[in-house]
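[1] here's my sequence, what's the structure:
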Amino acid sequence: MDTYTEFLYSFANASLTLRVVEHLHNNYQSQLDSIAVINLIDRWLVQVNLQDFVDLESAKNLQAFLNEMGISYQPSIIIAKALAGLKAGESPTKIMNRDRIVIVAHGKPEKKEIEIFREEVVERLGYCPKNMA
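    Residues are numbered from 1 along each chain as shown. Take a look at the predicted model:
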């Protein structure tokens, strides 16, 4: 991972993940290359890829925000393979079928995509798990 153009963070629940995606759209829209949102059983992962031209101060401000909301995440081999696939242009569906992980959104996702996913999971389960709150 490039120190100041790529970030991978873990968040405890959907609310924090939504807050991060909203912050990215409000403050870094023109500097974003892509965002990947992955739901694991016990957490959410958000990978942020910034354009190469992002200045050091903006990147450090983003890193400080991400550190307040979640924790830096070292991916497992499967997650690293999935993220590399997304970066290489593989379809999220192909990656999900191959690696058995849930890619909630990729590209420049809107909050609505994550909200719909959360609502569907809660509806199907009949209760709201801690990481969907």
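
[2] how about the helices in the protein?
    14-28, 56-69, 77-87, 92-99, 111-125 (DSSP state H).

[3] ok, Leu56 - how many residues close by?
    If you count neighbours by other C-beta atoms under 10 Å, Leu56 ends up with 9. C-beta coordinates here come from the backbone N, C-alpha and C atoms, glycine included.

[4] confidence score at the nearest residue to Asp33 once chain neighbours are set aside?
    Distance criterion C-beta to C-beta, 6 or more residues apart in numbering; nearest residue to Asp33, sequence neighbours excluded, is Asn49 at 4.2 Å. Asn49 is assigned 93 on the pLDDT scale.

[5] isn't Asn49 right up against Lys87?
    Yes - between Asn49 and Lys87 there is a contact at 7.4 Å, judged by C-beta atoms under 8 Å.

[6] find residues that contact each of these two.
    Shared contacts of Asn49 and Lys87 (C-beta atoms under 8 Å, 6 or more residues apart in numbering): Ser34.

[7] ok, the spatially most central residue of the chain to Lys112 distance?
    In the chain, the C-alpha nearest the mean C-alpha coordinate belongs to Val46, at 2.0 Å (C-alpha atoms, centre = their mean). Distance, Val46 to Lys112, by C-beta to C-beta, to the nearest Å: 16 Å.

[8] quick one: residues contacting Val104.
    37-39, 44, 113-114, 117.

[9] now the buried members of the residues you listed.
    Buried by 16 or more other C-beta atoms under 10 Å: 37-39, 44, 114, 117, out of the contacts of Val104.

[10] and for Lys108, the neighbour number?
    So Lys108, with other C-beta under 10 Å, has 13 neighbours.
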